[in-house]
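**Q** task: produce atomic coordinates for the following.
(2 chains)
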Protein chains: 2
Amino acid sequence: MLNEKAVKKADFDEIDTQAVTAVRMLSMDMISRARSGHPGLPLGVSPMAYVLFSRHLRIDPSFPQWFNRDRFVLSAGHGSAMLYSLLYLSGFALSKSDLMNFRQVGSKTPGHPEHGVTPGVDATTGPLGQGIGMAVGMAMAEMHLGAEYNRAEYHVVDHYTYAICGDGDLMEGVAAESASLAGQLKLNKLIVLYDSNDVSLDGPLSNACHDDVAGRFESYGWNYLRVADGNDLDAIDTAINTAKDNQSGPTLIEVKTVIGAGSPHQGTNKVHGAPLNAEDLAATREFYNWDNDPFTVPATVTERFQSTVKSRGWASHQEWSNLVTRYSAVEPTLAAQFAQGISQSLPADYTASLPTYYKKDALASRASGHEILQRLSAACPNLWGGSADLFSSNKTNVVDEDRFSRDNPTGKNLWFGVREFAEAAAMNGIALHGGTRVYGSTFFVFSDYMKPAIRLAALQKLPVTYVFTHDSLAVGEDGPTHEPVEQLAALRSIPGLTVYRPADGNETVAAWEQAISATDHPTAIILTRQGLPTLPKPAAKVRAGVKRGGYVVADAQHEAEGILMASGSEVKLAVDAQQRLAEIGHDVRVVSIPSFEKFSTQSADYQESVLPKHLRRRVAVEMASGASWYRYVGLDGIALTQEHFGASGNGTAVVEMAGFTAENVVQAYLDLL
Amino acid sequence: MLNEKAVKKADFDEIDTQAVTAVRMLSMDMISRARSGHPGLPLGVSPMAYVLFSRHLRIDPSFPQWFNRDRFVLSAGHGSAMLYSLLYLSGFALSKSDLMNFRQVGSKTPGHPEHGVTPGVDATTGPLGQGIGMAVGMAMAEMHLGAEYNRAEYHVVDHYTYAICGDGDLMEGVAAESASLAGQLKLNKLIVLYDSNDVSLDGPLSNACHDDVAGRFESYGWNYLRVADGNDLDAIDTAINTAKDNQSGPTLIEVKTVIGAGSPHQGTNKVHGAPLNAEDLAATREFYNWDNDPFTVPATVTERFQSTVKSRGWASHQEWSNLVTRYSAVEPTLAAQFAQGISQSLPADYTASLPTYYKKDALASRASGHEILQRLSAACPNLWGGSADLFSSNKTNVVDEDRFSRDNPTGKNLWFGVREFAEAAAMNGIALHGGTRVYGSTFFVFSDYMKPAIRLAALQKLPVTYVFTHDSLAVGEDGPTHEPVEQLAALRSIPGLTVYRPADGNETVAAWEQAISATDHPTAIILTRQGLPTLPKPAAKVRAGVKRGGYVVADAQHEAEGILMASGSEVKLAVDAQQRLAEIGHDVRVVSIPSFEKFSTQSADYQESVLPKHLRRRVAVEMASGASWYRYVGLDGIALTQEHFGASGNGTAVVEMAGFTAENVVQAYLDLL
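**A** Residues are numbered from 1 along each chain as shown, chains lettered A, B, ... in the order given. Take a look at the predicted model:
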């Protein structure tokens, strides 16, 4: 392994200076050509980013997904042009024409960095604060996997996680929560460079924020370092080295910069988010003595990137590959499990131990969820997860596992604290890092607090699992602040998220099966506090039905004249109503739709077989708001949904008061006749 | 006015001690009877809450809405039983039987405090962290109104805002954002008591959080005080007096307590959220030497509350009323405006200056929104608002007004910083405080960050206005992280929130008219970055239509054979498609539905007149996800919606790539034939 310490201080030369200018100017070229983008950050931040890339980051441009690479998150995602410039110069699969297509439809260089679109982009950023949260998750994964898999001289997981953030990131609550969590976990391999330029979008930062950032981060248990001049490559390098040596906790390096440095409006918000005009661009080029053609850099600069980022990365990657080969020979079982984690595959027999529920059972789905999770945890060694200080209620702790901490990094129960948003952001970081599968939980109503990170999970196609318990009005006594009403519609509307609202224990098993075997999307499983009787259908058929999103849970006795449909706890109401309707001569079918997303993507034939078009007498029942069900009940049916907030009281009483009774389902059906 | 300084220290006597025990025991009685609730907080926190109520709070139990009262927010809302006990003993309109009905359906004593349900409850709390954010908003309103209306000896707005919070509150990002904002604004009349008991729901706090709270709050610019023993009434009283004297900023008083103090499991998470069993309850009563019957307190205790809270409140209220009478004589204009603010009424002619848009106009609705806001601000002196560091883009600044700050508290432009959640929580606090009307803005996609507070606005029926600009995929270059897709469905699903997505300048005027005249619900107005041509209908008719939520914007030439419907920027597509369909012999109607909530609550006749049931050829078009439109298109129609994330590129190109063209609307209609 290269000894990075051997890189002397003060060894930055003229080519390095030119390389920094190249990053600045390439970024300006991109933004000007696109007539869109944010010049302020690249001009101010390029020096620190260059030091990080050229002297520290261990990444392999020819193999961007190399598992043991250092991770880098540009939390201030509006600085995307700078990141693309660095990746281009470092030798990632980005061409000059990719840079020239910045912010154009279909390009590899979108307006904000998008993981999966651009090689070398470790996280999708732009929504402020979340980059820090994802970096925290990456550092958690590194610490955990290192403890799980490293043996003596075989350090198969051993890297740093770096992030660059701005004032905007630090003002966001998710950054505060995440930083506090990182301090609690003493994530010493997490290093955040803070672009401190005293300017925010609308004007001077002091108009909106007076935080003493040093004091704030020290209060979280971070180390704080300061670089007084953001152009001082040596000082930046020294600070990063100091941070890497530190064992006590994460490090924030505040680097004082000038926004839009070198441009005529430097130091003001005018240069934050609008391209430089032709005159200002010319002046900036002149300031930096840059007379290269647009999108052109001197060969010396390209060579410098090759001899630093690229060669260090290649050598480190080779060394690691050899290490893993030897590790596999010495620790074959561990190595196989490690490889399984990296490839997101599961043990062949992981479903074997999953429970089956029978007619006599009437467990709350959070309770069946708990049983399922114990079995999955035993079967899938790379699974871990936790709760935002609610595992006692969510029932998402794994009894045989310990709490994850610096002192016990193999622990698999994650204590996120009352920090739901940081939890969801960290889950994204953990999934982006790879090597494990992660779940996280809280009360369903508090999924709201996580929403921005759930969106980023979906956008990044991350296979994380949310376990949201305390579904619906049935929560009862805790009242409307704790009773989800609109959360189901909100989650269902997120592209790429699959939501399951299981109706019994067997549907819960199937939901978990789907969640844990997903590789390209997040999953939310909504579980109840109240008991749910097992559906009158064999478990195997229920599980098969759930995999299709919706299915006939109880068919008509002869020829259906109508359809009752529901999800979750209301399937029971529909089944009861079917019975009562049969008694008065109406033969109807009951359909359970635990997952709208799954069902709506089944073949038209399958959907027609479940919900035949000619059957127009349709009643849907669900204790949640939103008009989702009209898609299936149409203009002629009735959707019994919840369009008001709930109330505090005994759960059963609250539910009945809101009208969710079999009687009302029967009446709604009769109203259609 | 009572001179509170004259209350000597160390004047707490045996009756005070008994009174504290009474609050503890009443709370236990409530929780035990309900068999539900949180005993840990009342047992630990009652001493500080008692000192606050008995020695400091200026509230009038016989007139809970007295405008110049001190505000009190129990941010740790799970301690509701304690709050109800205090309100009951203080003489608010709560009876013993109300206490006995704790957590029962229809009671005045719900599981978490609900503003509007229980007299004396200043804010709905339970979702952690938000109570602090609302308290910050209240203190902002107090500072602003004081500056606007106080004259020489007439301090008509002059009170403190107090909150009690726990560890859980402080871990939440919204608390961090709000505290930072409060520090920036130097809200010295904000005093937060922190119930510091080292225990959270799942176990020891140290398992989840190691924050140095003193350092953290000092970094925000707060004063920090510490009371070492949460049972030491003198020390608590001294700390509160010190905080009140402080002029430099808000104060956090950390009070060390024992969760569940006096109960057998005190100091552990076992006593956080489950009722004491009979044995433990008996032991606790014995610990406190409490042998009164359940729900019964000694007369001496009741008298003590009368002679403190009640008499101080009554005297203060009287004095204030007399002051306002004199003020009205001396400052009649100001006094009238002040009264208007308090009563949530508007100047008679406030709509007179609103702009009208004509066929030639094609403004972005954020631009028409800006014009409208300037006029409204000039016409409505109690209106203020701001942005989360995006006013330059949202165009929600009022050009003729200054930035609100400690040095310039009459400023009406609020700089919330990049703290969307704190913004929304503060807006709730401002609205709860009363006296002004408030709006707040950010990019629509970041409404996600605010969601939990939007929910609390709706639950509390607060007439705040959200201005969300940068609607839909049309945002373009900033890419999918900045392009709202599912946010519309999410907002529409919140009970009690009214959402407007205007299609042109005149619809925007109408949306603002509705927002600013609302008194019992929040409103969200969704505005575009891209230009919107003025609809081909007279402005007055458009405005009338918007008030009904949906209306015929361009009718069929003769007899409609089908309906095209849309909202916002897609109404233009529908109108274009109508034209093209007419050219090929299909006569259709175009309906604009700017507000689903408004439209769905119109009479059945009106809805039928807009969307006649017999017309089944229906196409809806909207650049947003979610199945909301099926309610109106049914099983036989087509909804052209956006079920994927967007892309980075020129806005027009992104929109066309996603298929939102008049051509596709025409084709969808033809597919129905």
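**Q** how long is stretch A:654-670 end to end?
**A** 24 Å (Cα to Cα, to the nearest Å).
**Q** nearest spatial neighbour of the residue in the stretch 301-450 of chain A that chain B sits nearest to, chain-adjacent residues omitted?
**A** In the stretch 301-450 of chain A, the residue that lies nearest chain B is A:G417 (3.5 Å; Cβ to the nearest Cβ). Where C-beta positions appear, they are placed from N, C-alpha and C, glycine not excepted. Closest residue to A:G417 apart from its sequence neighbours, by Cβ to Cβ, 6 or more residues apart in numbering or on different chains: B:A208 at 3.5 Å.
**Q** cool, A:L187 as well?
**A** Leaving aside its sequence neighbours, A:L187 sits nearest to A:A139 (Cβ to Cβ, 6+ apart; 4.1 Å).
**Q** residues touching A:L190, list them.
**A** Contact analysis of A:L190 by Cβ atoms under 8 Å, 6 or more residues apart in numbering or on different chains lists A:135-136, A:138-139, A:160-161, A:163, A:182, A:250-251.
**Q** ah, wrong one, I meant A:K572
**A** Contact analysis of A:K572 by Cβ under 8 Å, 6+ apart lists A:503, A:532-533, A:535.
**Q** all strands for the stretch 451-600 of chain A, in order.
**A** With DSSP state E, counting those that start in this stretch as the definition, the stretch 451-600 of chain A shows strands at residue ranges A:465-469, A:498-500, A:523-526, A:551-554, A:562-566, A:588-592.
**Q** for A:K186, which of those is the nearest?
**A** Proximity to A:K186 (Cβ to Cβ) singles out strand A:465-469 among those, at 26.5 Å.
**Q** and the nearest residue to A:M657 once chain neighbours are set aside, how many neighbours does it have?
**A** Using Cβ to Cβ, 6+ apart and skipping residues adjacent in sequence, the residue nearest A:M657 is B:V105, 6.1 Å away. B:V105: 16 surrounding residues under other Cβ atoms under 10 Å in any protein chain shown.
**Q** dihedrals phi and psi, B:V105?
**A** As for B:V105, its main-chain torsions (degrees, to the nearest 10) stand at phi -60, psi 130.
**Q** gap between stretch A:660-673 and the chain center?
**A** The chain centroid and the centroid of stretch A:660-673 are separated by 41 Å under Cα atoms, centre = their mean, to the nearest Å.
**Q** what average pLDDT does that stretch get?
**A** For stretch A:660-673, the mean per-residue pLDDT is 98.
**Q** where does the stretch 401-550 of chain A dip in pLDDT?
**A** By pLDDT under 70, the stretch 401-550 of chain A has no low-scoring segment.
**Q** for it, what lies in contact range of chain B?
**A** Counting by Cβ under 8 Å from any Cβ of the partner chain, the stretch 401-550 of chain A comes close to chain B at A:403, A:405, A:415-422, A:445-446, A:448-449, A:451-452, A:455-456, A:458-459, A:476-482, A:485-486, A:489-490, A:492-496.
**Q** taking those one by one, which sit in helices?
**A** A:420-422, A:448-449, A:451-452, A:455-456, A:458-459, A:489-490, A:492 (DSSP state H).
**Q** any idea which element the residue positioned nearest the centre of chain A lies in?
**A** Central residue of chain A (Cα atoms, centre = their mean): A:N428, 2.7 Å from the mean position. Element membership for A:N428, per DSSP states H and E: helix A:420-433.
**Q** whichever helix or strand comes after that helix versus helix A:447-459: what angle between them?
**A** Later in the chain than helix A:420-433, the nearest helix or strand by DSSP H and E is strand A:437-443. Orientation check (axes from the mean of the first three to the mean of the last three Cα atoms, to 10 degrees): strand A:437-443 against helix A:447-459 gives 160 degrees.
**Q** am I right that A:A364 is in contact with A:R529?
**A** Yes: A:A364 lies in contact with A:R529 (Cβ atoms under 8 Å); the separation is 5.8 Å.
**Q** A:S405: how many residues sit nearby?
**A** 18.
**Q** likewise for A:Q247?
**A** Using other Cβ under 10 Å, A:Q247 is surrounded by 8 other residues.
**Q** can you give me the distance of the closest residue to it other than its chain neighbours to chain B?
**A** Leaving aside its sequence neighbours, A:Q247 sits nearest to A:N188 (Cβ to Cβ, 6+ apart; 5.3 Å). Using Cβ to the nearest Cβ, to the nearest Å, A:N188 is found at 14 Å from chain B.
**Q** re the thing from before, can I get the ones in helices among the residues of the stretch 401-550 of chain A next to chain B in TSV with neighbour count?
**A** Below are those laid out as TSV (neighbours: other Cβ atoms under 10 Å in any protein chain shown):
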residue	neighbour count
A:E420	32
A:F421	33
A:A422	34
A:D448	28
A:Y449	32
A:K451	26
A:P452	28
A:R455	28
A:L456	28
A:A458	21
A:L459	26
A:A489	25
A:A490	28
A:R492	26
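**Q** what sits against the residue nearest to the centre of chain A?
**A** Contacts of A:N428 by Cβ under 8 Å, 6+ apart are A:123, A:130, A:133-134, A:137, A:453, A:456-457, A:460, A:462, A:464.
**Q** B:T333: which of these is nearest?
**A** A:Q130 (48.6 Å).
**Q** which pLDDT value goes with the closest one?
**A** pLDDT recorded at A:Q130 is 98.
**Q** for it, grab the count of nearby residues.
**A** A:Q130: 32 surrounding residues under other Cβ under 10 Å.
**Q** how many neighbours does the residue nearest to it when sequence neighbours are not counted have?
**A** Of all residues not flanking A:Q130 in the chain, A:A425 sits nearest, at 5.0 Å (Cβ to Cβ, 6+ apart). When neighbours are defined as other Cβ under 10 Å, A:A425 has 33 of them.
**Q** noted, bye for now.
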